[in-house]
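**Student:** Here is the input, now give the coordinates:
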Amino acid sequence: MAQSSLFIHELPSRRWQDELADLITDPQQLLQLLQLNPEQLPSVRAAGEAFALRVPRSFIRRMQPGNPQDPLLLQILPGAPELVASPGYGADPLEEAAANPLPGVVHKYHGRLLLIVAGQCAVNCRYCFRRAFPYAENHLGRTQWDSAITYIRSQTKLREVILSGGDPLVVNDRQLHWLSNQLASIPQLDKLRVHTRLPIVAPSRITNALLDWLCGTRLKPILVIHCNHANEIDTEVHAALQKLRNAGVTLLNQAVLLKGINDSEEALMSLSESLFASGVLPYYLHQLDRVQGAAHFEVSDQRARQLIAAIRNQLPGYLVPRLVREIPAEGAKSPL
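**Tutor:** Sure, this is the predicted structure:
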């Protein structure tokens, strides 16, 4: 299917590629940038060996220097609690291996499936449920892509494909252009959903070239961002989200409830208001997926319910996300 060029007036930019090529991966450099005590380096380095530090400078600029409890810093800085083995936590908390019929495809739910488009992200969130995902086994070369597309075409009850990863937007627009056209040629599909953190951590990624492939087919474009705290939304992020919204993209947010980061009424209400001001509807508030190394982020179900009840009494319903947990055996997210 030929793809129309809806946003041809912007010259191609390599700003986002340059930004992702200049990530901070050295804990010592991060602590120096934020004027933090280097005494924690041994535990930071030890945790980072198991799951590397990875964060764009644009995200670091939103952190408060000298504040070891900054809510953005706590999401990305490796630490000693990750090294503690916790009962009930594992490498594949959502049992995705059982729903991985061929490389790059995770097919768990009726009417939709997920494509693992990339094996890395622009930022390594410390609570990531896919921190141990076998990306090497799900890498897609051209042969594997063809097999994945053939599989999708054979699933006549599908309506939606979700691009995920890693983060699908670390892939260049030429490849994503090809993929969006392939998906648009499958008659039973009517929606293309992208799950990404890049509009938040590296908003320069939202270019006209991206809008061309995302909005240039017959498929309805939906972009689900991942934002956990209002401090993540600065003027550049706001502008990127507005650009997506103005192009006709449906914008939703999935947050994770994280101890010490957003587990207060004030933090959750501020997040919902900031999202809505940027054209994004709060969608889900997830309870933590129990991946090994992330137990220190868990908030009890009782506390989570109290928080949702409190913000429901203070915000209009459209600003209250649905509190959910993903249970591997269930056919959808389970409301709490």
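
**Student:** how about the strands of the stretch 101-250 of the chain, start to end?
**Tutor:** In order along the chain, the stretch 101-250 of the chain carries the following strands (DSSP state E, counting those that start in this stretch): 105-109, 112-116, 160-164, 191-196, 220-225, 250-256.

**Student:** Tabulate those strands (JSON lines), appending mean pLDDT.
**Tutor:** Converted to JSON lines, the strands of the stretch 101-250 of the chain look like this (pLDDT from 0 to 100):
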{"stretch": "strand 105-109", "mean pLDDT": "91"}
{"stretch": "strand 112-116", "mean pLDDT": "94"}
{"stretch": "strand 160-164", "mean pLDDT": "96"}
{"stretch": "strand 191-196", "mean pLDDT": "98"}
{"stretch": "strand 220-225", "mean pLDDT": "98"}
{"stretch": "strand 250-256", "mean pLDDT": "98"}
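
**Student:** want to try TSV for those, with mean neighbour count and distance to residue 281 as columns?
**Tutor:** The C-beta positions use only the backbone N, C-alpha and C, and glycine is treated the same way. TSV is the format used below for the strands of the stretch 101-250 of the chain (neighbours: other Cβ atoms under 10 Å; distance: least, Cβ to Cβ, whole Å):
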stretch	mean neighbour count	distance to residue 281
strand 105-109	18	21
strand 112-116	21	19
strand 160-164	21	17
strand 191-196	22	14
strand 220-225	21	10
strand 250-256	21	6
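
**Student:** Can you check which of those gets nearest to residue 15?
**Tutor:** For the strands of the stretch 101-250 of the chain, distance to residue 15 was read as Cβ to Cβ. The smallest value, 17.1 Å, belongs to strand 191-196.

**Student:** Would you give the sheet partners of the closest one, along with the direction of each?
**Tutor:** strand 160-164 (parallel), strand 220-225 (parallel) (DSSP bridges).

**Student:** okay if I get the ones you listed as JSON lines plus distance to residue 32?
**Tutor:** Putting these into JSON lines (distance: least, Cβ to Cβ, whole Å) gives the following:
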{"stretch": "strand 160-164", "distance to residue 32": "34"}
{"stretch": "strand 220-225", "distance to residue 32": "30"}
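
**Student:** Contacts only, for residue 279.
**Tutor:** Taking Cβ atoms under 8 Å, 6 or more residues apart in numbering as the definition of contact, the neighbours of residue 279 are 241-242, 244-245, 251.

**Student:** Compare these and tell me which is most surrounded.
**Tutor:** Taking other Cβ atoms under 10 Å to define a neighbour, the member of these with the most is residue 241, carrying 26 neighbours.

**Student:** Look up how far residue 210 lies from it.
**Tutor:** Taking Cβ to Cβ, to the nearest Å as the criterion, residue 241 is separated from residue 210 by 13 Å.

**Student:** Okay, now the unreliable bits of the stretch 1-150 of the chain?
**Tutor:** Low-confidence regions of the stretch 1-150 of the chain, defined by pLDDT under 70, span residues 1-14.

**Student:** And the helices in the stretch 1-150 of the chain, which stretches?
**Tutor:** Using DSSP state H, counting those that start in this stretch, the helices found in the stretch 1-150 of the chain span residues 15-21, 27-33, 41-50, 57-60, 73-76, 142-154.

**Student:** Identify the bridge partners of residue 255.
**Tutor:** Bridge pairing for residue 255 (DSSP bridges) gives the partners residue 285.

**Student:** cool, and residue 109?
**Tutor:** Applying DSSP bridges to residue 109 yields these beta-bridge partners: residue 112.

**Student:** hang on, it packs against residue 332?
**Tutor:** Yes: Residue 109 lies in contact with residue 332 (Cβ atoms under 8 Å); the separation is 6.3 Å.

**Student:** And for residue 145, the neighbour number?
**Tutor:** 18.

**Student:** and it, what is it in contact with?
**Tutor:** Taking Cβ under 8 Å, 6+ apart as the criterion, residue 145 is in contact with 104, 179.

**Student:** gap between it and residue 101?
**Tutor:** Taken as Cβ to Cβ, the span from residue 145 to residue 101 is 15 Å.

**Student:** Could you do residue 85 as well?
**Tutor:** Between residue 85 and residue 101 the distance, using Cβ to Cβ, works out to 31 Å.

**Student:** cool, and residue 109?
**Tutor:** Residue 109 is 13 Å from residue 101, where distance means Cβ to Cβ.

**Student:** Make TSV out of the strands of the stretch 101-250 of the chain and add distance to residue 79.
**Tutor:** Rendered in TSV, the data for the strands of the stretch 101-250 of the chain read as follows (distance: least, Cβ to Cβ, whole Å):
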stretch	distance to residue 79
strand 105-109	29
strand 112-116	27
strand 160-164	26
strand 191-196	25
strand 220-225	25
strand 250-256	17
